[in-house]
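J.: Pasted the sequence and its predicted model underneath.
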Amino acid sequence: MYDVKSPRAEEFINHDEVLETLAYAESNKHNAELIDSIIAKAKLGKGLSHREAAVLLDCDIDEKNQEIYRLAEQLKKDIYGNRIVMFAPLYLSNYCINGCLYCPYHRQNKHIPRKKLSQDEIRQEVIALQDMGHKRLALEAGEHPVENPIEYILESIKTIYGIKHKNGAIRRVNVNIAATTVENYRKLKDAGIGTYILFQETYHKESYERLHPSGPKHDYAYHTEAMDRAMQGGIDDVGFGVLFGLEHFRYEFTALLMHAEHLEAVYGVGPHTISVPRVKPAEDIDPDSFDNGISDDIFAKLIACIRVAVPYTGMIISTRESQQVRERALHLGVSQISGASRTSVGGYCEPEPEESRTDQFEVSDRRTLDEVAHWLMGMGYIPSFCTACYREGRTGDRFMSLSKSGQIQNCCHPNALMTLKEYLMDYASEPTRQRGEELIRQEVENIPNPKVKEITLRNLAAIQNGRRDFHF
Ligand code: SAM
């Protein structure tokens, strides 16, 4: 039985409810009247139910699809303005006891060199990331109770927050590690993590079990109920994701939204972010061996439909995608991107030679952070290195109420400008710095509250004079 509030995965991601939703969407994909009414509801910016959103995803009336794309772009502008939050992944360890068929870290892979960073190596990696200008990291690790126990992750977080090198600092550490216990989530919360990220990979139980044939990750319910445990452990910013290509995208889209509705119904707050990874080639992995790869057009439609369905949830696209795909995604709703990522353990200090690859998957966007920032600003976006919300305790529903109150232009926008200014002063190349200074000059004028504008101008001048770390 479908029950949005049930603690059981099979009830809040109820297979029959997904199938009924897909049948409903299929039978209404030409229903112009219904589609118009759903678009009208989406325009209110309060989101859609999984059934309504599934109809938009299936809609095959070209003119209505164009309207969905325009609406996604408009909602993105209204809620996030032109800020794009920047981050980088940091791979701590590729030791893993799981058997995930799509991931080169799987236990049976005997030819991938296994590596785990020591605290000293973490320091070197973080300094390399700080020297690029990064302030926000996503920690990544395989699941291995002996090599990467929770104590190792906690020690690594402490090390990272403790590194002060020139003007650099990592101010927000997000964590992407395997599903764990409420007790461990509480420890992560106490260690000061930002978002806890866990990709569902696929919501389709049967496929999930086939794709995860061995290891703790085989347990569908334990994995799918992880976000509930994270919430119970006090983490109220959680990040969802589906690995597109494994199962049919219509199934994943519907179930993803059902998962968001579940968290909202039980804990009063939905996911902080949704990531949209697609399966990529990797050592020992051929994406074509999975049947459900999606085209760039379907990918764009998915992003637009997620944007209109959950307008207040940040959306993340990684360097798995090319510059071109990322550019389109930014217009349709993506609010966070990674830059200059290395997906190998230790890859920021020493890029892996081809013959001993430890990277998790191939990245498509290989540009430097400076190039990414320059490109973003050329399109009128503000690369934001802001980490203020979680440092000010604006997490979970407190973050949601800030974004829903429309105060983003008086808070996140000036924070983006001040952190961009720091980036320009400390790390940018001359052309990027010039482009950024001009952008800041224009954008300060868009701060509505005169008092906030005055403080921002004062802080920008202080940053110019060598001071750092201002935020609202
Ligand atoms: N090991 C942790 C877990 O079990 O959730 C998470 C860390 S893993 C390093 C991060 C994510 O990379 C996985 O959740 C998966 O979605 C993604 N991934 C794995 N193999 C991939 C591939 N070949 N292409 C693209 N993404 C992949």
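T.: Alright, I've got the coordinates. Numbering: from 1, shown residues only.

J.: What residues does this protein have near the ligand?
T.: Residues of the chain found near the ligand (Cβ under 6 Å from any ligand atom) are 102-103, 140, 142-143, 176-178, 198-199, 201, 217, 243, 277, 279-280, 282, 285, 320, 360-361. (C-beta placed from N, C-alpha, C; glycine too.)

J.: switch to 5 Å and redo it
T.: Taking Cβ under 5 Å from any ligand atom as the criterion, the chain approaches the ligand at residues 102-103, 140, 142, 176, 178, 199, 243, 277, 279-280, 282, 285, 361.

J.: Just the buried residues of those.
T.: Buried subset of the residues of the chain next to the ligand (neighbour count, 16 or more other Cβ atoms under 10 Å): 102-103, 140, 142, 176, 178, 243, 277, 279-280, 282, 285, 361.

J.: For those, which two are the farthest from each other?
T.: Using Cβ to Cβ, those span at most 19.9 Å, a distance reached by 178 and 280.

J.: about what we covered before: quick check: which of the residues of the chain next to the ligand has the minimum pLDDT.
T.: Within those, residue 361 has the lowest pLDDT, namely 84.

J.: on that earlier part again, now, which of the residues of the chain next to the ligand lie within strands?
T.: 140, 176 (DSSP state E).

J.: Pull the most distant pair out of the residues of the chain next to the ligand.
T.: Once Cβ to Cβ is applied, these give 178 and 280 as the farthest pair, at 19.9 Å.

J.: What is the distance between the one helix or strand in the chain whose mean pLDDT sits lowest and the centre of its chain?
T.: Least confident helix or strand of the chain, by mean pLDDT, DSSP states H and E, is helix 396-404 with a mean of 82. Distance of helix 396-404 from the chain centroid (Cα atoms, centre = their mean, to the nearest Å) equals 17 Å.

J.: How about stretch 127-144?
T.: In terms of Cα atoms, centre = their mean, the centre of stretch 127-144 is found 14 Å from the chain centre.

J.: Test my guess that residue 278 contacts residue 242.
T.: No. The criterion here is Cβ atoms under 8 Å, and residue 278 misses it with residue 242 at 9.7 Å.

J.: So which of those two has more stuff around it?
T.: Shown here are residue 278 and residue 242; by other Cβ atoms under 10 Å, residue 242 has more neighbours (25 against 22).

J.: what's the neighbour count on the nearest residue to the more buried one once chain neighbours are set aside?
T.: Leaving aside its chain neighbours, residue 242 sits nearest to residue 252 (4.4 Å; criterion: Cβ to Cβ, 6 or more residues apart in numbering). Using other Cβ under 10 Å, the number of residues around residue 252 comes to 26.

J.: so what's residue 252 up against?
T.: Counting by Cβ atoms under 8 Å, 6 or more residues apart in numbering, residue 252 touches 202-204, 242, 244.

J.: And it, how far from residue 422?
T.: Distance of residue 252 to residue 422, computed by Cβ to Cβ, to the nearest Å: 38 Å.

J.: And residue 134, by the same measure?
T.: Distance, residue 134 to residue 422, by Cβ to Cβ: 12 Å.

J.: Give me the common contacts of these two.
T.: Contact criterion Cβ under 8 Å, 6+ apart; residues shared by residue 134 and residue 422: residue 385.

J.: quick one: which of the two has more around it?
T.: Set side by side, residue 134 and residue 422 show more neighbours around residue 134, with 26 against 21, by other Cβ under 10 Å.

J.: Considering the contacts of residue 252, which possesses the most neighbours?
T.: Result: residue 202 is most packed of the contacts of residue 252 (other Cβ under 10 Å), 27 neighbours.

J.: Can you name the residues that contact that one?
T.: Per Cβ under 8 Å, 6+ apart, neighbours of residue 202: 208, 211, 242-243, 246-247, 252.

J.: Give me the subset of those residues lying in helices.
T.: Per DSSP state H, helices hold the following members of those: 208, 211, 252.

J.: For the stretch 351-472 of the chain, give me the ranges with low pLDDT.
T.: Residues of the stretch 351-472 of the chain meeting the criterion pLDDT under 70: 352-356.

J.: who touches residue 96 in this structure?
T.: Neighbours of residue 96 in contact, by Cβ under 8 Å, 6+ apart: 103, 105-107, 142-144, 215.

J.: Same question for residue 7.
T.: Contacts for residue 7 were tallied using Cβ under 8 Å, 6+ apart; they are 225, 228, 266.

J.: Would you mind getting the angle between the helix or strand hosting the last one and helix 396-404?
T.: Assigning secondary structure by DSSP states H and E places residue 266 in helix 249-267. For helix 249-267 against helix 396-404, the angle by axes from the mean of the first three to the mean of the last three Cα atoms, to 10 degrees is 110 degrees.

J.: out of the residues of the chain next to the ligand, which one sits closest to residue 9?
T.: Nearest member of those to residue 9, counting by Cβ to Cβ, is residue 199, at 15.0 Å.

J.: sorry, back to before: mind giving me the packing neighbours of the least confident helix or strand of the chain?
T.: If you count contacts as 3 or more Cβ pairs under 8 Å, 6 or more residues apart in numbering; DSSP states H and E, helix 396-404 packs onto no helix or strand.

J.: residue contacts, residue 417?
T.: In this structure, residue 417 makes contact with 382, 440, 443-444, 456, 460, judged by Cβ under 8 Å, 6+ apart.
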